[in-house]
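Asker: Sequence and predicted structure below; questions after.
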Amino acid sequence: MASNQFNWRGLRLVCAVLAGGLTLPLASLAADSKASTPPLSLTGGEVVNYQCGKLKKVVARYYNLSDGSLGFVKLIINGEEFTLAQGMAASGVRYVDTTTYEWWTKADEASLQDLRQKKSASIACKEVAGKAGK
């Protein structure tokens, strides 16, 4: 798979695991998995808190598949949870789901844009210390 193509199969697997709490190895769910392919697992999940302008707080949990084929973030914004897949970026890391939010991170800063608003400006966010719920 070319590096600029989005991994839809991987996203479907991640969504299935997150939605259903499946405990089976992810590779066993793939139609084209081979017996010699090691099972995939999720890495990451640590809570990162951000102070984001008028939103006050955004909670992020960053995940990756163990083979590095897919990264995603789960954001909690105003009490709602959103899952955004990692996309192409020239600098920093970009996460997007094409319908709700776009989330860019670089070092301890981030920006959030609401894609549902036609003229929405990005909100600047800064990582803050402390643990959050969920």
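Answerer: Structure's in. What do you need? Numbering: from 1, shown residues only.
Asker: Strands along the protein, start to end?
Answerer: Secondary structure of the chain (DSSP state E): strands at 42-52, 56-65, 71-77, 80-87, 93-96, 101-106, 109-114, 123-128.
Asker: Compute the inter-axis angle for the first one and strand 123-128.
Answerer: This means strand 42-52. Interaxial angle of strand 42-52 relative to strand 123-128 (axes from the mean of the first three to the mean of the last three CA atoms, to 10 degrees): 110 degrees.
Asker: What is the distance between strand 42-52 and the centre of its chain?
Answerer: Mean-position distance between strand 42-52 and its chain equals 10 Å (CA atoms, centre = their mean, to the nearest Å).
Asker: Equivalent analysis for the third one, please.
Answerer: From the chain centre to the centre of strand 71-77 is a distance of 4 Å (CA atoms, centre = their mean).
Asker: Show me what counts as buried in that strand.
Answerer: Using 16 or more other CB atoms under 10 Å as the test for burial, strand 71-77 gives G71, F72, V73, K74, L75, I76, I77. In short, each C-beta sits where N, CA and C put it, glycine included.
Asker: repeat for the fifth one
Answerer: Along strand 93-96, these residues count as buried under the neighbour rule (16+ other CB under 10 Å): R94, Y95, V96.
Asker: Same question for the longest one.
Answerer: Of the residues in strand 42-52, those with enough neighbours to count as buried (16+ other CB under 10 Å) are V48, N49, Y50, C52.
Asker: Same check on the last one?
Answerer: Buried positions in strand 123-128, judged by neighbour count with 16+ other CB under 10 Å: I123, C125.
Asker: Report the angle between it and strand 56-65.
Answerer: Using the same axes, to 10 degrees, one finds that strand 123-128 and strand 56-65 are set 80 degrees apart in direction.
Asker: Please name the residues that touch the residue most central in space within the chain.
Answerer: The residue lying closest to the centre of the chain (CA atoms, centre = their mean) is V73, at 1.8 Å. By CB atoms under 8 Å, 6 or more residues apart in numbering, the contact list for V73 reads A60, R61, Y62, Y63, T83, L84, Q86, Y95, W103.
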